[in-house]
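K.L.:
what's the 3D shape of this:
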Amino acid sequence: MNVTAQTIATPHAVAIQPHSAAIERVNLTFFLAARDAARDNVQYAVTAFGVPPTLGQWLATASVDEVMALAKLPVCAFAVRVPPRALERACGQHPGRAGIKDGDCAAVVGLHTVLKAVEGERYEHA
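P.N.:
Next comes the predicted model:
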């Protein structure tokens, strides 16, 4: 195995690169989906994707190239917004247990209800 001084000095450099590429892919997917939603209904994009209203307005008119430039942020723009307790109930503390049983998770049901209400407004104003 050929090991250089640079490899020894930065042992994690190889591991960092795939993560930054993955972050860029996640950001691009997130922002493009939020853009599509904002083009239909900015308020829905704000609620469903958690983007600030100013960003929602911008996304509604952003080009693909502008979104691609935004996706190059060095951190993941997507953040899990479901309360941790709700996720624990949904996923359980044991790997392999997934799915939400009826009535198990009021926070997830509440979020779903809010999103459906905001989405319904789109059709009422169309």
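
K.L.:
C-terminal to the lowest-mean-pLDDT helix or strand in the chain, what's the next element?
P.N.:
Taking mean pLDDT, DSSP states H and E as the measure, helix 5-9 is the helix or strand of the chain with the lowest mean score, a mean of 44. Per DSSP states H and E, the first helix or strand lying C-terminal to helix 5-9 is helix 13-40.

K.L.:
pull out the buried positions in the helix or strand just after that next one.
P.N.:
Note on helix 13-40: by DSSP H and E, the next helix or strand toward the C-terminus is helix 42-49. Neighbour counts over helix 42-49 (16 or more other CB atoms under 10 Å) mark 42-49 as buried. For every residue, glycine as well, the C-beta is placed using N, CA and C.

K.L.:
which strands or helices does helix 42-49 pack on?
P.N.:
helix 13-40, helix 53-61, helix 106-125 (3 or more CB pairs under 8 Å, 6 or more residues apart in numbering; DSSP states H and E).

K.L.:
and those, which one averages the lowest pLDDT?
P.N.:
Looking at the helices and strands packed on helix 42-49, the lowest mean pLDDT belongs to helix 106-125 (a mean of 60).

K.L.:
how about the contacts made by residue 27?
P.N.:
By CB atoms under 8 Å, 6 or more residues apart in numbering, residue 27 lies in contact with 70-73, 76-78.

K.L.:
just the buried ones from those residues?
P.N.:
For the contacts of residue 27, a burial check counting by 16+ other CB under 10 Å picks out 70-71, 77-78.

K.L.:
so which of these are in helices?
P.N.:
residue 70 (DSSP state H).

K.L.:
from the buried ones among the contacts of residue 27, pick the one nearest residue 18.
P.N.:
Nearest to residue 18 among the buried ones among the contacts of residue 27: residue 71, at 16.2 Å, using CB to CB.

K.L.:
residue 34 is in contact with that closest one, correct?
P.N.:
No. Contact criterion CB atoms under 8 Å: residue 71 and residue 34 do not qualify, at 11.0 Å.
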